[in-house]
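K.L.:
one predicted model, sequence on top.
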Amino acid sequence: ARRVGKTTIAEEFARNEYESYILIDFSNVPVEARRGWPASVIEDIESNSSSSSNPRVFKFYIDDFSGFIKLNDKYVYPGFNDSHMHLVNYGQFLSRISLVEHTTSLKDMLDELKRNLKKDKWLIGRGWNHDYFTDLNRFPTRADLDTVSTTTPIMITRACGHICIANSKAIELANLKEPQDGDTYDLENGIFKENAVYLISDACPQPTVEDIKDYVLKAQDKLHEYGITSVHSDDLLSATSNYKDALTALEQLKDENKLTVRIYEQSHFLDAPTIQEFIDAGYNTGVGNEYFKIGPLKVLGDGSLGARTAYLSRPYYDNPNTQGIPIYTKEHLYDMFKTAHTQNMQIAIHAIGDGILDWILDIYNDILNKYPRDDHRHGVVHCQITREDQLKEFERLKEEWRKRKNNKKKSLFRRKGCTNYKILPATPS
């Protein structure tokens with residue numbers, strides 16, 4: 001090993017006997033990720049990258065950088081990826097009252113809220129799940145929260161995030177009118193579902209950009225405890241109803257080199273004009289760097305099964321009065337899909353129920369036929385309740401795309417004057 005007056009890895013091996021150790025390979029570490037590394041380490045990596053006969057083997061110096069970690073027979077894994085995360089929302093959850101450990105009964109939950117009651121300050125909690133209540137089998141209500149306080153505004157969100165309950169004071173501050181046809185809230189019981197949740201959350205004190213940055217830093221520290229180093233995350237509408245707040249916070253953390261979790265941002269929007277504004281500002285799938293990169297358009301198609309808002313093709317067995325809630329009309333969804341697809345943005349849509357999945361498959365089929373793209377890579381998130389005919393439609397769409405791609409390859413070969421060629425089967429995705 002090359003010597004420059006320091007101890008090399010080879011000499012450290014010769015001098016010490018290690019039953020288990022880590023030999024770190026830096027060959028795939030990009031320059032921007034080497035934050036805070038000693039200059040001798042970076043110099044050694046770069047010189048070996050260009051001159052070594054085996055560029056995948058690198059050495060570094062023990063007195064400059066801790067290259068040996070005794071494992072004591074423990075295991076080491078690569079960093080984990082969480083493919084469905086709400087990073088900002090998780091950090092916000094860590095900053096508020098957790099009801100996860102207090103959802104065995106309605107009484108237990110209400111007692112926890114009373115313990116955290118503070119004068120002249122909103123009481124905001126998340127994590128309850130009525131399916132775990134042992135004393136009652138129903139959602140909490142406005143009346144329940146009023147037993148905690150009628151002077152302090154209270155908002156509690158179900159574990160799924162698709163439904164919240166508000167007390168009388170919170171509803172008063174939100175200045176709401178009686179619901180009309182199509183509205184998804186019940187003032188009498190203080191129950192707000194899907195987009196109606198924003199009616200209450202927008203009345204809460206809104207976090208600043210600095211608050212959102214703190215949420216991200218708290219969340220990423222917690223993720224590291226579980227070995228998670230990269231996420232696909234839906235954040236832009238998690239903290240406020242203005243996507244620019246979260247976007248600014250994430251961009252600033254990126255520029256300040258404070259992100260230690262790689263974020264692939266599933267960009268959540270509510271309508272086509274806002275998607276267009278986002279794209280016109282220079283954002284699209286793939287824009288960014290290793291630590292913060294724009295991913296697909298994220299769309300919510302329906303709700304959750306636990307809140308009985310997932311949109312089914314027929315009524316719920318235990319609640320025949322509802323089939324769930326489609327978040328938008330089919331025409332509204334089509335406009336959002338078309339705006340993203342025709343400008344080379346990927347799409348990922350949340351779909352729990354088979355009812356909303358029917359709409360999604362129809363829209364994908366229409367758009368892909370009218371505006372074909374080589375590698376659109378659109379998807380469906382969750383895809384939880386499906387029917388056999390829908391699974392066959394997935395396969396048909398997939399096969400149709402393969403044929404179109406192969407036909408384009410054949411056409412390309414012919415234009416170049418090739419006569420002997422073979423089209424190999426497309427690699428399964």
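P.N.:
Happy to help now that I have it.

K.L.:
now the strand ranked longest in the chain: buried residues?
P.N.:
Among the segments of the chain that qualify as a strand by DSSP state E, the longest is strand 292-300. In terms of neighbour count (16 or more other CB atoms under 10 Å), strand 292-300 has its buried residues at 292, 294-300. Where you see a C-beta, it was placed from the backbone N, CA and C, and this is true even at glycine.

K.L.:
how about stretch 181-189?
P.N.:
Those would be 183-187, 189, for stretch 181-189 by 16+ other CB under 10 Å.

K.L.:
try stretch 80-100
P.N.:
Judged by neighbour count (16+ other CB under 10 Å), stretch 80-100 contains these buried residues: 82, 85-93, 96-97, 99.

K.L.:
I'd like the mean pLDDT over it, please.
P.N.:
What stretch 80-100 shows for mean pLDDT is 94.

K.L.:
centre of the chain versus it, how much separation?
P.N.:
10 Å (CA atoms, centre = their mean, to the nearest Å).

K.L.:
repeat that for stretch 357-376.
P.N.:
23 Å.

K.L.:
do the same with stretch 157-176
P.N.:
Here stretch 157-176 is found 23 Å from its chain centre; the criterion is CA atoms, centre = their mean.

K.L.:
and stretch 251-270, by the same measure?
P.N.:
Once both centres are worked out by CA atoms, centre = their mean, stretch 251-270 turns out to sit 11 Å from its chain's centre.

K.L.:
same thing with stretch 333-340?
P.N.:
With CA atoms, centre = their mean as the basis, stretch 333-340 stands 20 Å off its chain's centre.

K.L.:
make TSV out of the buried residues of stretch 80-100 and add secondary structure and distance to residue 131.
P.N.:
Shown next, in TSV, are the buried residues of stretch 80-100 (DSSP: H, G, I helix; E, B strand; the rest coil; distance: CB to CB, whole Å):
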residue	secondary structure	distance to residue 131
82	strand	24
85	strand	23
86	coil	21
87	helix	26
88	helix	26
89	helix	21
90	helix	21
91	helix	26
92	helix	23
93	helix	19
96	coil	22
97	strand	20
99	coil	13
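
K.L.:
just to revisit the earlier point, what is the rounded mean pLDDT of the longest strand of the chain?
P.N.:
For strand 292-300, the mean confidence score works out to 98.

K.L.:
same deal with stretch 162-170?
P.N.:
In this model, stretch 162-170 carries a mean pLDDT of 96.

K.L.:
okay, which residue is most central for this protein?
P.N.:
For the chain, the residue lying nearest the average C-alpha position, counting by CA atoms, centre = their mean, turns out to be residue 233 (2.3 Å).

K.L.:
is that one in contact with residue 86, as I believe?
P.N.:
Yes - counting by CB atoms under 8 Å, residue 86 is a contact partner of residue 233 at 6.3 Å.

K.L.:
mind listing the strands for the stretch 51-200 of the chain?
P.N.:
Applying DSSP state E, counting those that start in this stretch to the stretch 51-200 of the chain gives strands spanning 80-85, 97-98, 123-128, 154-158, 163-166, 185-186, 191-193.

K.L.:
out of those, nearest to residue 248?
P.N.:
Distance to residue 248, taken as CB to CB, is lowest for strand 80-85 among the strands of the stretch 51-200 of the chain, at 19.7 Å.

K.L.:
what comes into contact with that closest one?
P.N.:
With contact meaning CB atoms under 8 Å, 6 or more residues apart in numbering, strand 80-85 is reached by 223, 226-234, 381.

K.L.:
try stretch 87-95
P.N.:
If you take CB under 8 Å, 6+ apart as the criterion, stretch 87-95 is touched by 126-127, 161, 207, 212, 214-220, 222-223, 231, 233, 235, 238-239, 246, 249, 261, 263.

K.L.:
before we move on, the earlier item: please state the offset of the longest strand of the chain from the chain centre?
P.N.:
Offset of strand 292-300 from its chain centre (CA atoms, centre = their mean): 8 Å.

K.L.:
for that strand, list the C-alpha coordinates in PDB.
P.N.:
What follows is strand 292-300, C-alpha atoms only, in PDB (Å, rounded to 0.1, in the frame of the first residue of the first chain):
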ATOM      1  CA  PHE A 292     -33.400  15.800  -2.700                       C
ATOM      2  CA  LYS A 293     -34.800  14.800  -6.100                       C
ATOM      3  CA  ILE A 294     -38.300  15.300  -7.500                       C
ATOM      4  CA  GLY A 295     -40.100  12.100  -8.200                       C
ATOM      5  CA  PRO A 296     -43.600  11.500  -9.600                       C
ATOM      6  CA  LEU A 297     -46.800  13.500  -9.300                       C
ATOM      7  CA  LYS A 298     -48.600  12.100  -6.200                       C
ATOM      8  CA  VAL A 299     -52.400  12.000  -6.400                       C
ATOM      9  CA  LEU A 300     -54.800  10.700  -3.800                       C
END
